[in-house]
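Asker: test case, fold it:
(3 chains)
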Amino acid sequence: MTAPKIGVYICHCGSNIASMVDVEGVRDWAASELADKGVVVSRDYPFMCSSLGQELIENDIKEYGLERIVVGACSPHMHEKTFREASANAGLNPYLAELVSIREQVSWVHTDKVKATEKAKAIIAGGVYRVHEQVPLEPLIAPVNSATLIVGGGIAGITAALEIADAGYPVHIVEREPSIGGHMAQYDKTFPTLDCAACILTPKMVDAGAHPNITLHTWSEVVDVSGSVGDFKIRVKHKPRMVVEADCTGCGICIEKCPVQVIDTGFEAGIGYRKAIYTPFPQAVPKYPVLTPDDCTYFAKGTCKACEKFCPVDCIDFTQTDEFVELTVGNILLATGFQPFDARRIESFGYGRLPNVFTSMEFERMSNAAGPTGGKIVLRDGVTEPKSVTIIHCVGSRDKNTNEYCSAICCMQSLKFAHLVREHTGADVYECYIDMRTPGKGYDEFYNRILDEGTQFIRGRVAEVTDSLRYPEEEGHEGRLIVQVEDTLAGVKRRIPADMVILSTGLEPQPDATEVARMFGVGCSTNGFIIERHAKLAPVATMTDGVFAAGATLGPRDIPTSVSNGAAAAATILSRIAQGQIAMEPYRATVDAARCSGCRICNDLCPFSAITFDEAAMVTEINPKLCQGCGVCVAACPANAISGSGFSHDQIIAQIDGLLSYPGGGDGRPVEEAVGATA
Amino acid sequence: MASQYMYYPGCSMDGTGKAYHDSIQAVLPELNIGLAELDDWNCCGATEYMGISPLRSQALVGRNLALAEKQKNGTDTLVAPCSACYVNLARTDAYVRESAELAASVNDALGADGMSYTPGSVKVRHLLEIMIDDIGLEEVGNHVTRPLTGLKLAPYMGCLVSRPDYDDRWQHREHPHALDQLLLALGADVVEYSRRTDCCGGHMTQISPETGLELIRRLIVEAERVGAHALVTVCPMCQMNVDFYQREMNHHFRENHHMPILFFTQLMGLAYGMPAKKLGFGREIISARPALSHIGIEAPLTEEEEAQRAAEAKPVRRRRGDPALPTPAPREDEEELR
Amino acid sequence: MIPADSRLEACIQCGTCGGSCPSYADMDHTPRQIFALIRAGARDKVMDSNTPWMCVSCYLCAVRCPQQIHIPDVMYALKAKATQERRVPSHVAPDFSKTFVDYIHKYGRSFEVGLVAKHYLRHYVTRLPGMTTSGIGMVTKGRMGFRPHQIRGVAGLNAILDRASEIEQAKQRGLFEERPQSGGTH
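Answerer: Now for the predicted structure:
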């Protein structure tokens, strides 16, 4: 077989590659040393991805009759599509173009230009050998179901739901709490404008609840996901409300009559009480209450049933159990939000040990007019107004012992707290911060406002909060707290007496974030937030086609960013729906029935349940509609009976041969060693 | 089932920490624990040698680890009753495990006397940890014949057991409750002592007395505030500072505190019905007699009383007309104590 | 040499260390300031500071430091450097360390009576009368051993320590030398 005509293109990527790889050297080397492998033209260019760079390739395809293209540039994640399209424009099947990475795998990770150049040559050789085995492929076309699943009914999820529903497409919101609204519903004021959270949120909640295109699944969880982009099958568990929604009028008599009060560790963040049958807050959507059997006297003792006795429409049903519904959707949006950092984990701040140490969420509820204290700011005794309050920043953030990242919202949240404390009580307020981070619109102006209001700022991370006084200097402060901090600007250690300490707790992923991510086939970073497809260019997409993410499930963010995320995700999803169908990479595994021994090793490995076993023929079969081309079965098959299109054995072996064909590193080391660093 | 460990007593066991020594010798056989003293051990360097020369300090400790590696006899655990010895031994082992370069240097030095140490081959542990994790609180409690009911103790663990915790053995580095649990198993009343891992002053009593005495005073004032009859320690250095320097502290601040500080093993022995004299009582400068006079016989709680106490401790339901906000649930291990 | 030596590059100057330090009152710079001075190349100010000598090794700063800097190890390294250069701000603390380790060299173990006697006679004669009662107590209660215990391997121990000194000198890596010395204002 004669070698196909191959064009090799080496990108400088500005100085990204050219500063660490001798691109001209690689170009010339490919032209001369790989000529017998079919390379007829080899070029370099400052930005291969530019339209001029693409034109270069297109012209060469026409002029030289190129049959294969190898581009040495960035990662295929970035520009594989660009070069495939360029090839297609010139009439070459796009899957005959191959992008090999000499940036992420070479120039960005090495410091020795000579060795890096040698490694780049080996990688180019691998690409050239590989394209010999490349075959033309056609993308797979799949129809897109116009329904969308949104997991999480906070502000990000609600925003996206309304955008999609208003465009005329069906949306399912699955929310595990009794009501949509998320954390925003717990807040009193929002920074920096101090407008009331409920006033701006509840209209949106009402819209979502009443929208003909939106179906709410509250007190519910997704338990299973299968299928793929355009055609996901979702199984949703409706937890028993013990209330028949069809009959309930939301009158609230059952709540009023319920004799049991338990600490509400959910909506009231542990500083208020709720009944055993409850709605988390008056404006809850939907209006139906939820009865929690663990708290209910009837479930514990078999008597009571006060709710049932007084219900005017007889809608209490103690026999309800889990119900499951199946949904089919084309796209999924994960908007599962965050959980506040558990402040008990920082022992020196004393939360859980010292009663008058409060967390952000506790303070949010306390300052809320609809909260447990009716908006009064008081100590744990429920009566005493504090005369001095210290707010501690970065609790569970910027701390390698807990979370290394900055939680982004806490500076502003703390400033808001300072304002609210001064407004409600006139107390002295101290804020202890490491760095003041106020980069949003109007945020630094808000900081200035709080400075003007007389809050005292101390640059220093608090060392400890204690109730153990020092004598004689702290005589008379018995019963108060002491906040011990180095004022780093003054260079002195201070012990500030305080009646109340507020810990500005950071944001963490939901406790089950990794399980949720696994269920939806998306990746999580080590700290548990979902990884976006591209941090800058695809910030609300994930690595899995058809699955998007918005809001604090991607990382700590405030309300404006969460709303933007939700809207951006909605726009992306609507674009998919409008296209009606989606072209998928034609990477699929196929079984060569003649070679399959029927060992079934691959059968249970498929993460997409695409593999079935034909008992009659005793061979394995793969459903191309479900297969995602991940390659697990290909690698597992002991008989080499499964092959992946686009990643066939021949292609991979050829690429390895190409890598190893390169005679050696510039310093005379064997190529295995020269390439070893990342190969 | 007898447990056998290698034992690194440390220099103060023979002197200032004699009461610790006495009580360890009395109590451990009762629990069926055998201690084989490391033959020809040398000083760990306390907090002083690291400030003279870090590498010499590692070599100094390295010699002890090398001896232990050689003298292993069915156990690789080396027990240190002194917190400073414990942290020094653990540090060297941790650092030679972390840095191959340091391990090579230490072994180079040890080679001068024909010795060597394989990083990680000896497990250094504090005596308290042996009691909690190996013997177990249940077993510790099983031997109690004279519960310490009525004796209010402030569990003072000091700094160097739970910190810096090179081997990640202690979940809580500032408010650990291991010592509380042990004292509760002995039937004692344990007060919530917020200065439980504060510094005892260390060598400040030698190099900057005013600060040293102030640190001692803080420990004592807080123990008095929460109504403790005595402090309980796991370290001879803490004991020495609070006990020996208490009079100087009183004199310095013109105050009159009387807060005895006892080794946890002394209290174990007492609860096991052993004679006080055998446990080193009487060796303290600040007498423990007033504290011990509190131990009377008190009837155990009835089931109803216990249930009532548990209900009071966990107010799940709101009391009518009570305006107080609910308190956050304490950390799980703290909850058990309440 | 010590694995954690150089982590102080990561310091964000938050002051958790100074705020936590029990001997803060005696320090002429907080640990945080020492790190800033080291980074600024202000060698003299660091070497003349008593801060490292006042460290009690309680490790509160180390477990609280949000950047997980091994602060006591830095203090140990600074003390050792000052000792080698015989440049100490006050002699009390260094003398105590020296007396302490001298006994180790001589006997292989600490010798409490000798240590206290020597140290107090040299630096705290005036404290001795106030401590007589307690001191006598220590003796009568059997807590003072008057005869030091010498280990059998004391010669071998000294050989080990001497060899360690040689290695240390050969590998000398300072806290200052490895930093660029530009922009200094000292």
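Asker: can I get stretch A:286-302 in PDB? Just the C-alpha atoms.
Answerer: Output for stretch A:286-302, consisting of C-alpha atoms alone and laid out as PDB, is shown next (Å, rounded to 0.1, in the frame of the first residue of the first chain):
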ATOM      1  CA  PRO A 286     -45.800  24.600  46.100                       C
ATOM      2  CA  LYS A 287     -48.000  25.500  49.000                       C
ATOM      3  CA  TYR A 288     -48.500  21.900  50.200                       C
ATOM      4  CA  PRO A 289     -47.000  21.000  53.500                       C
ATOM      5  CA  VAL A 290     -44.700  18.000  54.200                       C
ATOM      6  CA  LEU A 291     -45.000  15.700  57.200                       C
ATOM      7  CA  THR A 292     -41.800  14.100  58.500                       C
ATOM      8  CA  PRO A 293     -42.500  10.800  60.100                       C
ATOM      9  CA  ASP A 294     -39.300  10.900  62.300                       C
ATOM     10  CA  ASP A 295     -40.800  13.900  64.200                       C
ATOM     11  CA  CYS A 296     -44.400  12.900  64.200                       C
ATOM     12  CA  THR A 297     -46.100  11.700  67.300                       C
ATOM     13  CA  TYR A 298     -48.500   9.400  65.400                       C
ATOM     14  CA  PHE A 299     -45.500   7.600  63.800                       C
ATOM     15  CA  ALA A 300     -43.800   7.300  67.200                       C
ATOM     16  CA  LYS A 301     -46.700   6.400  69.400                       C
ATOM     17  CA  GLY A 302     -49.600   5.500  67.100                       C
END
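Asker: which parts of the stretch 151-300 of chain B are strands?
Answerer: Using DSSP state E, counting those that start in this stretch, the strands assigned to the stretch 151-300 of chain B run over residues B:152-155, B:189-190, B:230-233, B:261-263.
Asker: turn these into JSON lines, including mean neighbour count.
Answerer: For the C-beta atoms, the positions are set from N, CA and C on the backbone; glycine is no exception. Listed next are the strands of the stretch 151-300 of chain B as JSON lines, based on neighbours: other C-beta atoms under 10 Å in any protein chain shown:
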{"stretch": "strand B:152-155", "mean neighbour count": "25"}
{"stretch": "strand B:189-190", "mean neighbour count": "20"}
{"stretch": "strand B:230-233", "mean neighbour count": "28"}
{"stretch": "strand B:261-263", "mean neighbour count": "29"}
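Asker: helices along the stretch 1-150 of chain B, start to end?
Answerer: Along the stretch 1-150 of chain B, counting by DSSP state H, counting those that start in this stretch, helices occupy B:18-30, B:54-71, B:83-98, B:100-110, B:127-129, B:137-142.
Asker: what are the buried residues along the fourth one?
Answerer: The reference is to helix B:100-110. Buried residues in helix B:100-110, defined by neighbour count with 16 or more other C-beta atoms under 10 Å in any protein chain shown: B:102, B:103, B:105, B:106, B:107, B:108, B:109, B:110.
Asker: so who does residue A:131 touch?
Answerer: By C-beta atoms under 8 Å, 6 or more residues apart in numbering or on different chains, the residues touching residue A:131 are A:4, A:6, A:68, A:69, A:70, A:96, A:98.
Asker: let's see it at 6 Å
Answerer: For residue A:131, the residues meeting the contact criterion (C-beta atoms under 6 Å, 6 or more residues apart in numbering or on different chains) are A:68, A:70, A:98.
Asker: just the buried ones from those residues?
Answerer: Burial by neighbour count, judged by 16+ other C-beta under 10 Å, picks out A:68, A:70, A:98 from these.
Asker: returning to what we had before: could the helices of the stretch 1-150 of chain B be laid out in CSV, adding distance to chain A and mean pLDDT?
Answerer: Output for the helices of the stretch 1-150 of chain B, formatted as CSV (distance: least, C-beta to the nearest C-beta, whole Å; pLDDT from 0 to 100):
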stretch, distance to chain A, mean pLDDT
helix B:18-30, 27, 95
helix B:54-71, 24, 96
helix B:83-98, 17, 95
helix B:100-110, 21, 95
helix B:127-129, 18, 96
helix B:137-142, 22, 96
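Asker: all helices for chain C, in order.
Answerer: Along chain C, the stretches classed as helices by DSSP state H are C:16-20, C:31-39, C:43-47, C:51-54, C:60-64, C:71-85, C:92-107, C:112-123, C:128-140, C:154-170.
Asker: need the next SSE after the helix or strand encompassing residue A:393, C-terminal direction.
Answerer: Remark: residue A:393 resides in strand A:388-395, with elements defined by DSSP states H and E. Along the chain past strand A:388-395, the next helix or strand (assigned with DSSP H and E) turns out to be helix A:410-425.
Asker: one step back: what's the most buried one of the helices of chain C?
Answerer: helix C:16-20 (a mean of 29; mean count of other C-beta atoms under 10 Å in any protein chain shown).
Asker: so where's the chain shaky on pLDDT?
Answerer: The chain I'm using is chain A. Counting by pLDDT under 70, chain A contains low-confidence residues at A:1, A:663-679.
Asker: hmm, I had chain C in mind actually
Answerer: Scanning chain C with the threshold set as pLDDT under 70 gives C:1-6, C:172-186.
Asker: centre of it to the edge, which residue is at the far end?
Answerer: In chain C, the residue that sits farthest from the middle, by C-alpha atoms, centre = their mean, is residue C:140; the gap is 32.4 Å.
Asker: let me know the pLDDT of the residue lying closest to residue C:25 once chain neighbours are set aside.
Answerer: Using C-beta to C-beta, 6 or more residues apart in numbering or on different chains and skipping the chain neighbours, the partner closest in space to residue C:25 is residue B:211 (5.9 Å). Each residue has a pLDDT score; the one for residue B:211 is 90.
Asker: do you know how far the closest residue in space to residue A:297 that isn't next to it in sequence is from residue A:258?
Answerer: If the residues on either side of it in the chain are set aside, residue A:297 comes closest to residue A:304, at 3.9 Å by C-beta to C-beta, 6+ apart. In this structure, residue A:304 and residue A:258 are 8 Å apart, going by C-beta to C-beta, to the nearest Å.
Asker: those two - which one has more neighbours?
Answerer: residue A:258 (22 against 18; other C-beta atoms under 10 Å in any protein chain shown).
Asker: wait, doesn't that one sit right on residue A:274?
Answerer: No: in terms of C-beta atoms under 6 Å, residue A:258 does not count as a neighbour of residue A:274; the distance is 9.3 Å.
Asker: can you pull the contacts of residue A:653?
Answerer: Contacts of residue A:653 were listed using C-beta under 6 Å, 6+ apart, and none were found.
Asker: name the residues of the stretch 101-250 of chain B found near chain C, please.
Answerer: For the stretch 101-250 of chain B, the residues in contact with chain C (C-beta under 6 Å from any C-beta of the partner chain) are B:105, B:108-110, B:112-113, B:159, B:163-164, B:173, B:199, B:202, B:204, B:206-208, B:211, B:215, B:244, B:247-248.
Asker: can you rerun that using 8 Å?
Answerer: B:101-102, B:105-106, B:108-115, B:159-160, B:163-165, B:173-174, B:197-199, B:201-204, B:206-211, B:214-215, B:244-245, B:247-248 (C-beta under 8 Å from any C-beta of the partner chain).
Asker: buried among these? Need that as a selection in PyMOL.
Answerer: Only the buried entries of these go into this PyMOL selection, using 16+ other C-beta under 10 Å:
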select buried, chain B and resi 102+105+106+108+109+110+112+113+115+159+160+163+164+165+173+174+197+198+199+201+202+203+204+206+207+208+209+211+214+215+244+245+247+248
